[in-house]
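K.L.:
need a 3D model of the sequence below.
(one chain, ligands or ions: 1)
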Amino acid sequence: MSPDKLQPLLIVEDDLALQKQIKWSLDGFESVTAHDRESAMAQLRRHAPAVVTMDLGLPPDADSVTEGFKLLEQILGADPDIKVIVLTGQNDQSNALKAVAMGAYDFLAKPFEPEVLHLGVERAFRLHQLQAENKRLQAMQTPDALAGLLTRDPQMLRVCRTIEKVANTNASVMLLGESGTGKEVLARGLHQQSHRRNGKFVAINCAAIPENLLESELFGYEKGAFTGAAKTTPGKIETAHAGTLMLDEIGDMPMALQAKLLRFLQERVVERVGGRQEIAVDVRIVCATHQNLAQCVKEGRFREDLYYRLAEIVVEIPPLRARVGDAALLAHAFVRRFGQEHRRNLTLADDALRAIEAHPWPGNIRELENCIKRATIMADGHQITAEDVGLAGADGAEGDRSLDLRVTREAAEQRAVIAALARADGTVAKAADLLGVSRPTLYDLMHRLGLKP
Ligand SMILES: Nc1ncnc2c1ncn2[C@@H]1O[C@H](COP(=O)(O)OP(=O)(O)OP(=O)(O)O)[C@@H](O)[C@H]1O
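P.N.:
The predicted model follows:
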């Protein structure tokens, strides 16, 4: 099923005779029409066209191009992938060029040959379809370095894409997410994906180390710098030279050390405790926290200047309860992993799956992992039951986000397909049964939604 078959052409033209003529010359395409900016935007919301042809001179002032340019801006603001073909007056090349500079796909001077218009529209549809296909394919892939990270949730897949995109830059990355959401997995993935960095991945948990030791852990110390400093020891920053340093729970870093870290980020040199020599270090910093750092800044518990140094790219990681279908997907994977470890062939019973899907998982993936580990030990037979996972049912009521029927319908379809595939552990025939559709229909849906089994 091609999405462009569902996405029509929108013809915006205030001269009704000309509108008819354009529609007629493009009768091979499914089309809808509009005569001014307001009706064009209403049609855009209703039909999500892939291609738009538009006149620049639109009412209330059809002799000027003001409304046309406003409309062009609004269309591309709503969806930059829409291909807009601008129809201009005979000697209006400057406006045509301005439209293209604003992002229009092409222009055509009136009066135009119907065949030329037909060809332009056809090419625009083809390009739109190719780009959409490309996007779908990209969205389907979790980057190799993140191969251990399981997800089918669109928001989490976007997080993976961001990690992949920023990997080969030097930008500092801040990972924000609840405990157990996979911040360390992502930080390691970022490091592995970064081909420029052939040094080590070094992680330090700022909350787990007593304040007086954190400085020497980070910056290292010279022999004799303090009692017990028996030999010169490089710090974590130095150890991560040419690699990546992960500062976990950065929100817990004491103020005095925040100042020292800021100095390092500005000057990119470290001085070991008790040392006088400045050592240049090239390191990519990834920090993570479950705290609301912006709030910590407001409350004066975290330095604002350090925050901006660290937060060049901020990545928000959704909690497990907000990821569509991931609880079941991960549960199946953990059952396989722990089953193999214990040499047992185990599967999840339906009641266990339903309990897993309904649970809010405050401890996120780590909690789920532990829960399945325990359940694989508790299970008597080949099936893990709801009792083995030890979860009380909960209702997963959700807030309603959008009232746009098309968007809501598509979102509902996507959630149902992802959830069915997850519950069926990727078996398409079983997922089709759960959804009450045929297998080919499900394949079509998966293709359209960019989902793999
Ligand atoms: N998407 C995922 N697929 C598979 N395993 C995952 C995924 N996300 C996290 N895990 C696993 O869950 C556990 C917790 O992940 P991780 O330590 O990265 O979380 P975290 O956010 O850094 O937690 P904390 O804030 O408590 O340090 C790890 O064992 C990790 O391998």
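K.L.:
pull out the buried positions in stretch 68-88.
P.N.:
By neighbour count with 16 or more other Cβ atoms under 10 Å, stretch 68-88 contains the buried residues 68-69, 71-72, 75-76, 82-88. C-beta coordinates here come from the backbone N, C-alpha and C atoms, glycine included.
K.L.:
and what of stretch 247-254?
P.N.:
For stretch 247-254, burial by neighbour count (16+ other Cβ under 10 Å) applies to 247-253.
K.L.:
how about the residues of the stretch 1-150 of the chain near the ligand?
P.N.:
149-150 (Cβ under 6 Å from any ligand atom).
K.L.:
mind telling me what element G189 is part of?
P.N.:
G189 belongs to helix 183-193 when assigned by DSSP states H and E.
K.L.:
what packs against that helix?
P.N.:
On a contact count with 3 or more Cβ pairs under 8 Å, 6 or more residues apart in numbering; DSSP states H and E, helix 183-193 meets helix 154-166, strand 173-176, strand 201-205, strand 244-248, strand 284-289.
K.L.:
that one and the ligand in contact?
P.N.:
Yes - shown here: helix 183-193 in contact with the ligand (Cβ under 6 Å from any ligand atom) through 183-185.
K.L.:
which one of the buried residues of stretch 247-254 is nearest to the ligand?
P.N.:
Comparing the buried residues of stretch 247-254 against the ligand with Cβ to the nearest ligand atom places D248 closest, at 5.7 Å.
K.L.:
verify the stated contact: the closest one with A288.
P.N.:
Yes - between D248 and A288 there is a contact under Cβ atoms under 8 Å: 5.1 Å.
K.L.:
what's the overlap in contacts for the two?
P.N.:
In terms of Cβ atoms under 8 Å, 6 or more residues apart in numbering, D248 and A288 are both contacted by the residues 183-184.
K.L.:
ok, of the helices and strands packed on helix 183-193, where does mean pLDDT dip lowest?
P.N.:
When the helices and strands packed on helix 183-193 are compared by mean pLDDT, helix 154-166 comes last with a mean of 92.
K.L.:
centre of the chain to that helix, how far?
P.N.:
Chain-centre distance of helix 154-166: 4 Å, with Cα atoms, centre = their mean, to the nearest Å.
K.L.:
CA atoms of that helix as CSV?
P.N.:
Output of helix 154-166 as CSV, limited to C-alpha atoms (Å, rounded to 0.1, in the frame of the first residue of the first chain):
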residue,chain,number,x,y,z
PRO,A,154,8.6,5.4,17.7
GLN,A,155,9.7,7.9,20.4
MET,A,156,12.6,5.6,21.5
LEU,A,157,13.6,5.0,17.9
ARG,A,158,13.8,8.7,17.5
VAL,A,159,16.2,8.8,20.5
CYS,A,160,18.3,6.2,18.8
ARG,A,161,18.5,8.3,15.6
THR,A,162,19.5,11.3,17.6
ILE,A,163,22.3,9.4,19.3
GLU,A,164,23.5,8.1,15.9
LYS,A,165,23.4,11.6,14.4
VAL,A,166,25.4,13.3,17.2
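K.L.:
and the direction of that helix versus that of strand 284-289, what angle?
P.N.:
Here helix 154-166 runs at an angle of 150 degrees relative to strand 284-289 (axes from the mean of the first three to the mean of the last three Cα atoms, to 10 degrees).
K.L.:
now for helix 154-166, which elements pack on it?
P.N.:
helix 114-140, helix 183-193, strand 313-316.
K.L.:
try it again at 10 Å.
P.N.:
Packing partners of helix 154-166 (3 or more Cβ pairs under 10 Å, 6 or more residues apart in numbering; DSSP states H and E): helix 114-140, strand 173-176, helix 183-193, strand 284-289, strand 313-316, helix 405-423.
K.L.:
what comes up buried for that helix?
P.N.:
For helix 154-166, burial by neighbour count (16+ other Cβ under 10 Å) applies to 154, 156-157, 159-164, 166.
K.L.:
what comes up buried for stretch 51-67?
P.N.:
Across stretch 51-67, burial judged by 16+ other Cβ under 10 Å covers 51-58, 65, 67.
K.L.:
how far does that stretch stretch from one end to the other?
P.N.:
End-to-end distance of stretch 51-67 (Cα to Cα, to the nearest Å): 19 Å.
K.L.:
what's the mean pLDDT across that stretch?
P.N.:
Mean predicted confidence for stretch 51-67 is 90.
K.L.:
roughly how far is it from the heart of the chain?
P.N.:
Mean-position distance between stretch 51-67 and its chain equals 36 Å (Cα atoms, centre = their mean).
K.L.:
what of stretch 223-242?
P.N.:
Mean-position distance between stretch 223-242 and its chain equals 39 Å (Cα atoms, centre = their mean).
K.L.:
same thing with stretch 231-248?
P.N.:
Here stretch 231-248 is found 30 Å from its chain centre; the criterion is Cα atoms, centre = their mean.
K.L.:
and if you look at stretch 216-234?
P.N.:
Here stretch 216-234 is found 42 Å from its chain centre; the criterion is Cα atoms, centre = their mean.
K.L.:
still on that earlier bit, now render the buried residues of stretch 51-67 as JSON lines, adding secondary structure and distance to I356.
P.N.:
JSON lines is the format used below for the buried residues of stretch 51-67 (DSSP: H, G, I helix; E, B strand; the rest coil; distance: Cβ to Cβ, whole Å):
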{"residue": "V51", "secondary structure": "strand", "distance to I356": "44"}
{"residue": "V52", "secondary structure": "strand", "distance to I356": "45"}
{"residue": "T53", "secondary structure": "strand", "distance to I356": "51"}
{"residue": "M54", "secondary structure": "strand", "distance to I356": "50"}
{"residue": "D55", "secondary structure": "strand", "distance to I356": "56"}
{"residue": "L56", "secondary structure": "coil", "distance to I356": "56"}
{"residue": "G57", "secondary structure": "coil", "distance to I356": "59"}
{"residue": "L58", "secondary structure": "coil", "distance to I356": "55"}
{"residue": "V65", "secondary structure": "coil", "distance to I356": "58"}
{"residue": "E67", "secondary structure": "helix", "distance to I356": "54"}
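K.L.:
including distance to E271, could the residues you listed go into TSV?
P.N.:
What follows is those, written out as TSV (distance: Cβ to Cβ, whole Å):
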residue	distance to E271
V51	61
V52	61
T53	66
M54	63
D55	68
L56	64
G57	68
L58	66
V65	63
E67	63
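K.L.:
closest one of those to the ligand?
P.N.:
Within those, proximity to the ligand (Cβ to the nearest ligand atom) peaks at V51, which comes in at 38.0 Å.
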